[in-house]
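A.B. asks: sequence and predicted structure below; questions after.
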Amino acid sequence: MLKTRLLAAVAALALSAGAASAADLYRAAPVPAPVAPTLIPAFVWTGGFVGLHAGYGWADINGRKGTKDATADGFLAGVHGGFNWQYNMLVIGADTNWSWTDITSTRKARKVDMNWTGDLRGRVGFAFDRFHLYAAGGIAFADINPRSNGKKGKGDSQTETGWTAGLGAEYAITNNFVMGAEWKYQDYGRIKNVDVTANIVLLKASWKF
């Protein structure tokens, strides 16, 4: 009888060990730790840029000492370049522009040609991911040739210096290609008894690097 009980106990222990081993074999695999999602960084405006632009300009020629007022208008096209630094949403930069122009007044009594114009400016604006709004201001240059009584004066063409201010908006279509539009005002002060100011509207295409 004792022998039978001992055999039964050994058999029970063997079955229990087998069941535990089977449970170990079918134990659920551990759940892997969650992986954080990959975040795509927002567009950053920091970097240099170069590009081309084209647009239209119109100037006011305000006479002094009995000279007559006149207006001038025409197309322009040129190149530009600069650099931006972005700090959070704030974007600070500097740029330079040069444009050939066909801005010419239409009055024979007071005729003024603007042959080219350029500027050197500081810029400050705000970035909304790929969209950028900015204001700019600085020094303006232009080659201006005043004419009197419809006659072109030889040697009258000269480089004038003034100031400029304006507003612009641009959008980064890709990480490198940027399209934008800009308006700027130029004031060259008094030139041979007339005050010359100009408004210019541009479409711009830039390559950011």
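C.D. replies: Thanks, I have the structure now.
A.B. asks: stretch 191-199: how far from the chain's middle?
C.D. replies: 30 Å (C-alpha atoms, centre = their mean, to the nearest Å).
A.B. asks: for Asp60, see how far away the residue most central in space within the chain is.
C.D. replies: Closest to where the C-alpha atoms of the chain average out (C-alpha atoms, centre = their mean) is Glu170, at 4.8 Å. Per C-beta to C-beta, to the nearest Å, Glu170 is found 28 Å from Asp60. Bear in mind the C-beta positions are built from the backbone N, C-alpha and C, glycine included.
A.B. asks: the closest residue to the residue nearest to the centre of the chain other than its chain neighbours: which element?
C.D. replies: Nearest residue to Glu170, sequence neighbours excluded (C-beta to C-beta, 6 or more residues apart in numbering): Gly180, at 3.0 Å. Of the helices and strands defined by DSSP states H and E, Gly180 is found in strand 177-191.
A.B. asks: tell me what the helix or strand following that strand is packed against?
C.D. replies: Later in the chain than strand 177-191, the nearest helix or strand by DSSP H and E is strand 194-208. With contacts taken as 3 or more C-beta pairs under 8 Å, 6 or more residues apart in numbering; DSSP states H and E, strand 194-208 sits against strand 47-63, strand 70-87, strand 110-128, strand 131-148, strand 158-172, strand 177-191.
A.B. asks: turn those into TSV, columns for mean pLDDT and distance to Trp98.
C.D. replies: TSV is the format used below for those (pLDDT from 0 to 100; distance: least, C-beta to C-beta, whole Å):
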stretch	mean pLDDT	distance to Trp98
strand 47-63	93	10
strand 70-87	95	5
strand 110-128	92	4
strand 131-148	90	9
strand 158-172	96	12
strand 177-191	95	13
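A.B. asks: any idea which of those strands gets closest to Val31?
C.D. replies: Nearest of the helices and strands packed on strand 194-208 to Val31, taken as C-beta to C-beta: strand 110-128 at 40.3 Å.
A.B. asks: CA-only coordinates of that closest one in CSV, if you can.
C.D. replies: Taking Å, rounded to 0.1, in the frame of the first residue of the first chain, the C-alpha atoms of strand 110-128 are listed here in CSV:
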residue,chain,number,x,y,z
ARG,A,110,9.9,117.7,-67.8
LYS,A,111,11.3,114.4,-68.8
VAL,A,112,13.3,112.1,-66.5
ASP,A,113,14.7,108.6,-67.3
MET,A,114,15.6,106.1,-64.6
ASN,A,115,18.1,103.7,-66.3
TRP,A,116,18.7,101.3,-63.4
THR,A,117,18.1,101.1,-59.7
GLY,A,118,19.4,99.1,-56.7
ASP,A,119,19.3,99.0,-53.0
LEU,A,120,20.9,97.6,-49.8
ARG,A,121,18.5,96.8,-47.0
GLY,A,122,17.9,95.2,-43.7
ARG,A,123,14.8,93.0,-43.2
VAL,A,124,12.7,91.8,-40.3
GLY,A,125,9.6,89.6,-40.5
PHE,A,126,7.7,86.6,-39.1
ALA,A,127,7.6,83.0,-40.4
PHE,A,128,4.6,80.8,-40.4
